[in-house]
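Peer 1: build the 3D model from these lines:
(one chain, ligands or ions: 2)
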Amino acid sequence: MMVCPVKAISRRGQDGTIQIDQAKCVGCRQCAAFCPYQAPQWNARTMKMEKCTGCFDRIEAGQEPACSTICPTGALQFAEWDEIRGKGADRVPNFTNPAQTRPRIRFVVDPYPAGQ
Ligand code: SF4
Ligand code: SF4
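Peer 2: Numbers count the residues shown, from 1 in each chain. Ligands and ions are numbered 1, 2, ... in the order given. Sure thing, here's the model as predicted:
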């Protein structure tokens, strides 16, 4: 949000998701260079940046995000942050230090299983 020169990136007040306004994006790729999670993804067809929307439209309709709904192993789960904030760990190997960005994600599978 801070590096975008045209303020195309914003946080939705209703749910805290980060959104890219396609009408404002000028395709400079600054956000991709700075995001520690590689969330912004380049669309070579539109020449603009895109990212996960958090499926806010589904959430507003009382549904879960599409990815957690179709994940065949249940590896992705969606819940209110207050329900999961104390579960599992806040990072796994190779995951950017969450101290500054405080992503709303928890890892509930032991990243260091015994014997490995
Ligand atoms: S690529 Fe688009 S959203 Fe990203 S910083 Fe540039 S103008 Fe902003
Ligand atoms: S399906 Fe999952 S990854 Fe894709 S936009 Fe929805 S929440 Fe984001």
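
Peer 1: pLDDT weak spots in this structure?
Peer 2: Filtered on pLDDT under 70, the chain yields the residue ranges 109-116.

Peer 1: contact residues of it facing ligand 1?
Peer 2: Counting by C-beta under 6 Å from any ligand atom, the residues of the chain lying close to ligand 1 are 3-4, 6, 8-9, 20, 25-31, 40, 49. Placement of C-beta: from N, CA and C, glycine included.

Peer 1: ok, and the most crowded of these?
Peer 2: Ranked by the number of neighbours (other C-beta atoms under 10 Å), these place residue 49 first, at 24 neighbours.

Peer 1: if I look at the residue lying closest to that one once chain neighbours are set aside, how far off is residue 59?
Peer 2: Closest residue in space to residue 49, ignoring its immediate chain neighbours: residue 40 at 4.6 Å, by C-beta to C-beta, 6 or more residues apart in numbering. Computed as C-beta to C-beta, to the nearest Å, the residue 40 to residue 59 distance reads 21 Å.

Peer 1: likewise for residue 93?
Peer 2: Separation of residue 93 from residue 59 (C-beta to C-beta): 30 Å.

Peer 1: residue contacts, residue 76?
Peer 2: The contact partners of residue 76, by C-beta atoms under 8 Å, 6 or more residues apart in numbering, come to 65, 67, 68.

Peer 1: can you classify it by secondary structure?
Peer 2: Three-state call for residue 76 (DSSP: H, G, I helix; E, B strand; the rest coil): coil.
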